[in-house]
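>>> I would like the atomic coordinates for the input below:
(one chain, ligands or ions: 1)
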Amino acid sequence: MSFRLAIGGISHETNTFALPTALGDFRVQAGAELVAANDGVRSYLGGMLDAARRHGASVVPLVQASATPSGTIAASAFATLLGRLTDALRAALPVDAVALDLHGAGVAEGCDDIETATLRAVREVVGARVPVVTTLDLHGNLAPEMLAPATACFGVHLYPHTDAYDRGVEAVDCIAAVLAGRLRPVMALETLPLITPTSTSDLDPVRAINAFCRELEQRPGILDVAFFHGFSHTDIPQCGASVLAVADGDPELARAAAREAAAFVWARRAEFDRHDPDGPEAVRQAVAAARELGGPIVVNDTSDNPGAGAPGDGTHFLRAILAARPARTAFGFIWDPETAAQAHAAGAGASIAVRLGGRTYPIHGEPIEATAHVKSLTDGRFVQQSPMGRGRQVDLGPMARLQIEGVDVLVASVRSQVLDPEVFLLHGIDVTRCDIVALKSSNHFRAGFNPVARRIMTADTPGLSSCNLRTYPYRRLRRPVAPLDAEARYPGA
Ligand SMILES: [Zn+2]
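As a prediction, the model looks like this:
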């Protein structure tokens, strides 16, 4: 059965403690460009495109807008993006279905939930009968209002989000089944008074929670049970963890599965607590681990993760490394376009005096003043190889490999987290020959570095994506909430 499928979306993970996000921060792809950027890529839209092809659907690419996680989106920016999406949809009518790529933790000025706003606007254009299915990031802070305008929502289960492609496929498979009259999705959302630090699904408690959700999915009639971690750097009332269940035709079945999974999460909430070492202690432990196990020991600077809205130019952890001067150590990378330009102007082989990083937020540390040897220069372009988003063209702008105190330090012109060893390879560094590899990411790097790391360790210094939730000046968050308030209770427990 052939059908006409519109695809598009607006995706942003908003860290309300960070500087505001403007229209120019968004990368907007439309029409053929949207298809070209995602075809063959292990992304939500890549999965949607492949599934649409398999079902013989004709795809109408609308608009997809996304920005590196950052602060609250300007009201006018969100209005403009939503207008472009709905204008494109209106121009594409009639369509048989809409598949959207949304995040779940997007906040604009005056709008705490851009996903519900987007779904409502899309629903208004297509009317009540056209299926509108969306993928979501498990870091979404979901609210019950989202369910009404959506036919079904499918969140990734894994962190690193290596199943984004699979959820895109699932969304379009769901649409095909609905259009064929074989499926009537119903959803239930169970929210928890719980915020969590960044928690990979490689390890417990998320590993155990996911196993429990997969068991629930074995029940006849259950399509999906997704644990949403929430995004704890979003200071809005609805910030927090939840479980979303999708069933076929039976709301009670969905509600029971969501409640059981939520009760399981609540029972294991204490396991989310983390106690990561600060910069100097993390370096000391990494040196000891490299001596014992050999390299590479991979240490992630979790509190300055650009993938969670932190700037990526924080200096606390890099300063600790340069003070210890550990052997065979590479740091990749710090965001500093000015220093990258300075290195490019000086040329490879030059010696330059740098003031590195520390330009955006006082909490992330002062600039590092040092003499650096310019080892190599690149254009910052490579193709992502991590199982998460494999095939995506990456562009980090002009980059430099500097050597400071015997440590290799990569400098980029574009804010981004590190997802795989490719950026090191681009600069002539084979990470398997390093004792210590340090990088800015919270968990997504694991998908690319698990195959090579002898051990993975986390450093937590002051910053906008710290795992220490007690350091955030929440004002609007609904209280009481665990783990901040001992009196927090989940009524379904
Ligand atoms: Zn996420």
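>>> And the residue nearest to residue 481 when sequence neighbours are not counted, how close does it get to residue 491?
Nearest in space to residue 481, with sequence neighbours left out and distances taken as Cβ to Cβ, 6 or more residues apart in numbering, is residue 193 at 4.9 Å. C-beta here means a position set from N, CA and C on the backbone, and glycine is covered the same way. According to Cβ to Cβ, to the nearest Å, residue 193 stands 9 Å off from residue 491.
>>> between these two, who's got more neighbours?
residue 193 (20 against 10; other Cβ atoms under 10 Å).
>>> and the more buried one, what does it touch?
240, 478, 480, 481, 482, 488, 489, 490 (Cβ atoms under 8 Å, 6 or more residues apart in numbering).
>>> Look up phi and psi at the residue nearest to the spatial centre of the chain.
Among the residues of the chain, residue 307 comes closest to the average C-alpha position under Cα atoms, centre = their mean, at 5.7 Å. The phi/psi pair for residue 307 (degrees, to the nearest 10) reads phi -70, psi 0.
>>> Is it correct that it is in contact with residue 464?
No. Counting by Cβ atoms under 8 Å, residue 307 stays clear of residue 464, with 11.6 Å between them.
>>> still on that earlier bit, filter the contacts of residue 193 down to the buried ones, PyMOL style.
The PyMOL command for the buried members of the contacts of residue 193 (criterion: 16 or more other Cβ atoms under 10 Å) is given here:
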select buried, resi 240+481+482+488+490
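>>> Redo the contacts of residue 193 as a markdown table? Include pLDDT, distance to the ion and secondary structure.
Output for the contacts of residue 193, formatted as a markdown table (pLDDT from 0 to 100; distance: Cβ to the ion, whole Å; DSSP: H, G, I helix; E, B strand; the rest coil):
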| residue | pLDDT | distance to the ion | secondary structure |
| --- | --- | --- | --- |
| 240 | 98 | 15 | coil |
| 478 | 97 | 21 | coil |
| 480 | 98 | 25 | coil |
| 481 | 98 | 20 | coil |
| 482 | 98 | 21 | strand |
| 488 | 98 | 24 | coil |
| 489 | 97 | 27 | coil |
| 490 | 96 | 23 | coil |
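>>> The protein: helices as residue ranges?
31-38, 44-54, 75-92, 114-126, 164-179, 206-216, 251-267, 279-293, 316-324, 337-346, 422-426, 446-449 (DSSP state H).
>>> For the ion, find the nearest of the ones you listed.
Proximity to the ion, assessed across the helices of the chain by Cβ to the ion, is greatest for helix 164-179 (9.3 Å).
>>> For the closest one, what is the distance to the chain centroid?
21 Å (Cα atoms, centre = their mean, to the nearest Å).
>>> How many residues are close by the residue of the stretch 151-300 of the chain found nearest the ion?
The nearest approach of the stretch 151-300 of the chain to the ion comes at residue 161, 5.6 Å away (Cβ to the ion). Neighbour count of residue 161, defined by other Cβ under 10 Å: 24.
>>> How is the protein partitioned into domains?
According to automatic domain parsing, the chain comprises the domains 4-272, 279-467.
>>> could I get those as a markdown table with distance to residue 473?
Below are those laid out as a markdown table (distance: least, Cβ to Cβ, whole Å):
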| stretch | distance to residue 473 |
| --- | --- |
| domain 4-272 | 8 |
| domain 279-467 | 11 |
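>>> Wait, residue 343 touches residue 378, no?
No. Applying Cβ under 8 Å, one finds residue 343 not in contact with residue 378, separated by 10.6 Å.
>>> who in this protein is up against the ion?
For the chain, the contact set with the ion under Cβ under 5 Å from the ion comprises 137, 139.
>>> Show me which strand runs longest in the chain.
strand 368-378 (DSSP state E).
>>> All the strands of the stretch 301-450 of the chain, in order from the start?
Residue ranges of the strands in the stretch 301-450 of the chain, as given by DSSP state E, counting those that start in this stretch, are 329-335, 351-356, 368-378, 381-383, 393-395, 399-404, 407-412, 436-439.
>>> mind checking how far the spatially closest residue to residue 271 that is not a sequence neighbour is from residue 108?
Spatial nearest neighbour of residue 271, chain neighbours left out: residue 205 (3.9 Å); criterion: Cβ to Cβ, 6+ apart. As judged by Cβ to Cβ, residue 205 and residue 108 stand 32 Å apart.
>>> neighbour-wise, which of these two wins?
residue 108 (24 against 19).
>>> Double-check that one against residue 81; I have them as touching.
No. When contacts are counted by Cβ under 8 Å, residue 108 is not listed as touching residue 81 (9.3 Å).
>>> contacting residues around the residue of the stretch 151-300 of the chain closest to the ion?
Counted by Cβ under 8 Å, 6+ apart, residue 161 has contacts 137, 138, 388, 444.
>>> Same list (those) but as JSON lines, adding pLDDT.
Shown next, in JSON lines, are these (pLDDT from 0 to 100):
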{"residue": "137", "pLDDT": "98"}
{"residue": "138", "pLDDT": "98"}
{"residue": "388", "pLDDT": "93"}
{"residue": "444", "pLDDT": "97"}
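>>> now, among these, which is nearest to the ion?
residue 137 (4.1 Å).
>>> Wait, the closest one touches residue 115, no?
No. Counting by Cβ under 8 Å, residue 137 stays clear of residue 115, with 9.9 Å between them.
>>> Looking at those two, which is more packed in?
Neighbour count, other Cβ under 10 Å: between residue 137 and residue 115, residue 115 has more, with 31 against 24.
>>> quick revisit: need the helices of the chain in TSV (columns: mean pLDDT).
Converted to TSV, those look like this (pLDDT from 0 to 100):
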stretch	mean pLDDT
helix 31-38	96
helix 44-54	98
helix 75-92	98
helix 114-126	98
helix 164-179	98
helix 206-216	98
helix 251-267	98
helix 279-293	98
helix 316-324	98
helix 337-346	98
helix 422-426	98
helix 446-449	97
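>>> Including distance to residue 15, could those go into JSON lines?
Shown next, in JSON lines, are the helices of the chain (distance: least, Cβ to Cβ, whole Å):
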{"stretch": "helix 31-38", "distance to residue 15": "25"}
{"stretch": "helix 44-54", "distance to residue 15": "21"}
{"stretch": "helix 75-92", "distance to residue 15": "16"}
{"stretch": "helix 114-126", "distance to residue 15": "14"}
{"stretch": "helix 164-179", "distance to residue 15": "20"}
{"stretch": "helix 206-216", "distance to residue 15": "21"}
{"stretch": "helix 251-267", "distance to residue 15": "23"}
{"stretch": "helix 279-293", "distance to residue 15": "21"}
{"stretch": "helix 316-324", "distance to residue 15": "18"}
{"stretch": "helix 337-346", "distance to residue 15": "21"}
{"stretch": "helix 422-426", "distance to residue 15": "23"}
{"stretch": "helix 446-449", "distance to residue 15": "21"}
